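Engineer: Provided below are the primary sequence and the corresponding predicted coordinates.
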Amino acid sequence: MNTKNETAAKPLAGIKVVDFTRVFSGPYCAMLLADLGAEVVKVEMPGSGDPLRRQGPPFHHEIGLTFLATNRNKRSLTLDLKAEKGRELAFKLCCEADVVLENFRPDVMGRLGLGYEALSAANPKLIFASISGLGADGPDMKEGAFDLTIQALGGYMSITGERDGKPIKLGTSAFDIISGMNCYAGVLAALLQRGVTGKGQKVETSLLEGEVAFLTNAAIEYLITGSNPGKWGSEHSQQAPYKAFETADGWTVIGAGYQNLWEEFVKVLDREDLLQDDRFKDLAGRVENRDALYAILDPEVRKHTTGELNARLNAAKVPCAPVNNMEQVFNHRQVRHRNMLCSVRHPVYGDLPQVGPATKFSGFDIASGWSAPPLLGEHNETVLSGWLGISEEEIQRLKDEQVI
């Protein structure tokens, strides 16, 4: 939980968020809002909490690592939404909030009495933000989704993987993260508009919509030409050479499709004779004859170590980079310099590394006052007394009744 003096300068200081989300997309959105100073209360089921708490191995102090990656700067409140008293308390919390986040299937919040219509009638300034699998309405609105199924359904797996190879999932739950970022942007826009109109509104996004929007140039290629883009692995459909090359001691990527870069690349390889080969004299020729080109370049690149080749390519201003693992990423001097590795501390499970903020601001330090992901129900008393003015005696009764 951010301390008051450390969040006062942040742009969302004073904004209250009730977060009903779980798993990945919604918690990621809520974490980004909390990073900017919002007070985020994460509502969880008593006894079990967010399923990501138990997803693993690996675990850290019996907590799933993905939970620890997406839940910093939040307060945890356990609340049984199956119980009438739990739903009543949830409704009261939402009436005190600026933002409500949820990522249930589209009909769940309404059935709980916590839908947009009911909450906005009681709290007209409320921003109600929903993340679903396939969208808030339409013929498939009630279909559930995982990032894996969305990557398949939304087309990304059809363009991911080696040429003529099997479909490949991206290395992270990319569209969970993207939908969380889209929701985050939507909430900020709605808060900005509320400052003008004085009114809240509903914000909707989904994993499917986020993925389809992310298709960008691949989508436009199909929509204009009618041809389905294929899988290109690390290659580029419109540039060559442009891919991951195996070196003598690892892998590096090289992007030398444009003519000036191509000429510098072959100089580094001492293969200036290729400039006289009619098949490779221009970009169109290299793209058309890529297989023949790579049959020549692959063994040439394997003669060099990654570090030696990249040093020469960098000197020639040819874009290149080693294919780093996580250890190499977080020991990279630029990653360190830009504070992409942070640390938070929890009184129970101690120091915890965190990935730093991707955006920095001149007006405030976004990483100041960050706190560790909470234990389940860690802030029950703080939230119920601070937000709703509930007494210690009533809180104890709620515990006895297993409402919290």
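Structural biologist: The structure has been received and is ready for your questions.

Engineer: helices or strands next to the lengthiest helix in the chain in the packing?
Structural biologist: Assignment by DSSP state H gives helix 174-197 as the longest helix of the chain. The contact analysis (3 or more C-beta pairs under 8 Å, 6 or more residues apart in numbering; DSSP states H and E) places helix 174-197 against helix 25-35, strand 99-102, strand 127-132, helix 147-153, strand 201-206, helix 207-214. In this view, the C-beta of every residue, glycine as well, is placed from N, C-alpha and C.

Engineer: How far away from the center of its chain is stretch 228-241?
Structural biologist: Offset of stretch 228-241 from its chain centre (C-alpha atoms, centre = their mean, to the nearest Å): 25 Å.

Engineer: Of all the residues in that stretch, which ones are buried?
Structural biologist: Under the neighbour-count criterion of 16 or more other C-beta atoms under 10 Å, stretch 228-241 has 229, 231, 232, 235, 237, 239, 240, 241 buried.

Engineer: Please name the nearest non-neighbouring residue to the fifth one.
Structural biologist: Spelled out, that is residue 237. Spatial nearest neighbour of residue 237, chain neighbours left out: residue 229 (6.8 Å); criterion: C-beta to C-beta, 6 or more residues apart in numbering.

Engineer: Where does residue 23 sit: helix, strand or coil?
Structural biologist: Per DSSP: H, G, I helix; E, B strand; the rest coil, the local secondary structure of residue 23 is coil.

Engineer: center of the chain - which residue?
Structural biologist: residue 177 (2.4 Å; C-alpha atoms, centre = their mean).

Engineer: So what's the residue count around the spatially closest residue to that residue that is not a sequence neighbour?
Structural biologist: Distances taken as C-beta to C-beta, 6+ apart put residue 28 closest to residue 177, at 5.7 Å, once the chain neighbours are dropped. Neighbours of residue 28 under the rule other C-beta atoms under 10 Å: 24.

Engineer: residues in contact with residue 28?
Structural biologist: Residues in contact with residue 28 (C-beta atoms under 8 Å, 6 or more residues apart in numbering) are 70, 176, 177, 180, 181.

Engineer: can you tell me how far it sits from residue 79?
Structural biologist: Relative to residue 79, residue 28 is positioned 21 Å away (C-beta to C-beta, to the nearest Å).

Engineer: before we move on, what about residue 134?
Structural biologist: Per C-beta to C-beta, residue 134 is found 27 Å from residue 79.

Engineer: One more: residue 391?
Structural biologist: For residue 391, the distance to residue 79 - C-beta to C-beta - is 17 Å.

Engineer: Looking at these two, which one has more neighbours?
Structural biologist: Counting neighbours by other C-beta under 10 Å for residue 391 and for residue 79 shows that residue 79 has the greater number, 26 against 10.

Engineer: Might one say that that one is in contact with residue 399?
Structural biologist: No. Residue 79 is beyond contact range of residue 399, at 11.7 Å (criterion: C-beta atoms under 8 Å).

Engineer: any residues in contact with both of these two?
Structural biologist: Counting by C-beta under 8 Å, 6+ apart, residue 79 and residue 399 have no contacts in common.

Engineer: ok, back up a step: show me the residues around the residue nearest to residue 237 that make contact.
Structural biologist: 158, 159, 218, 221, 222, 237.

Engineer: now with 6 Å?
Structural biologist: Taking C-beta atoms under 6 Å, 6 or more residues apart in numbering as the criterion, residue 229 is in contact with 159, 218, 221.

Engineer: Reformat those as a markdown table; add distance to residue 348, pLDDT and secondary structure.
Structural biologist: Formatted as a markdown table, the contacts of residue 229 follow (distance: C-beta to C-beta, whole Å; pLDDT from 0 to 100; DSSP: H, G, I helix; E, B strand; the rest coil):
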| residue | distance to residue 348 | pLDDT | secondary structure |
| --- | --- | --- | --- |
| 159 | 44 | 95 | helix |
| 218 | 46 | 93 | helix |
| 221 | 52 | 93 | helix |
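
Engineer: out of the residues you listed, who's nearest residue 373?
Structural biologist: residue 159 (34.6 Å; C-beta to C-beta).

Engineer: dump the residue contacts of that closest one.
Structural biologist: Going by C-beta under 6 Å, 6+ apart, the list of residues near residue 159 reads 218, 229, 231.

Engineer: 7 Å instead?
Structural biologist: Contact analysis of residue 159 by C-beta atoms under 7 Å, 6 or more residues apart in numbering lists 218, 229, 230, 231.

Engineer: Which helix or strand contains the second one?
Structural biologist: Using DSSP states H and E, residue 229 sits in no helix or strand.

Engineer: coming back round to it: would JSON lines of the helices and strands packed on helix 174-197 with distance to residue 249 and mean pLDDT be doable?
Structural biologist: JSON lines is the format used below for the helices and strands packed on helix 174-197 (distance: least, C-beta to C-beta, whole Å; pLDDT from 0 to 100):
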{"stretch": "helix 25-35", "distance to residue 249": "36", "mean pLDDT": "98"}
{"stretch": "strand 99-102", "distance to residue 249": "46", "mean pLDDT": "98"}
{"stretch": "strand 127-132", "distance to residue 249": "43", "mean pLDDT": "97"}
{"stretch": "helix 147-153", "distance to residue 249": "32", "mean pLDDT": "96"}
{"stretch": "strand 201-206", "distance to residue 249": "44", "mean pLDDT": "98"}
{"stretch": "helix 207-214", "distance to residue 249": "34", "mean pLDDT": "97"}
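
Engineer: Make JSON lines from those and add distance to residue 316 to it.
Structural biologist: JSON lines is the format used below for the helices and strands packed on helix 174-197 (distance: least, C-beta to C-beta, whole Å):
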{"stretch": "helix 25-35", "distance to residue 316": "39"}
{"stretch": "strand 99-102", "distance to residue 316": "49"}
{"stretch": "strand 127-132", "distance to residue 316": "46"}
{"stretch": "helix 147-153", "distance to residue 316": "37"}
{"stretch": "strand 201-206", "distance to residue 316": "43"}
{"stretch": "helix 207-214", "distance to residue 316": "33"}
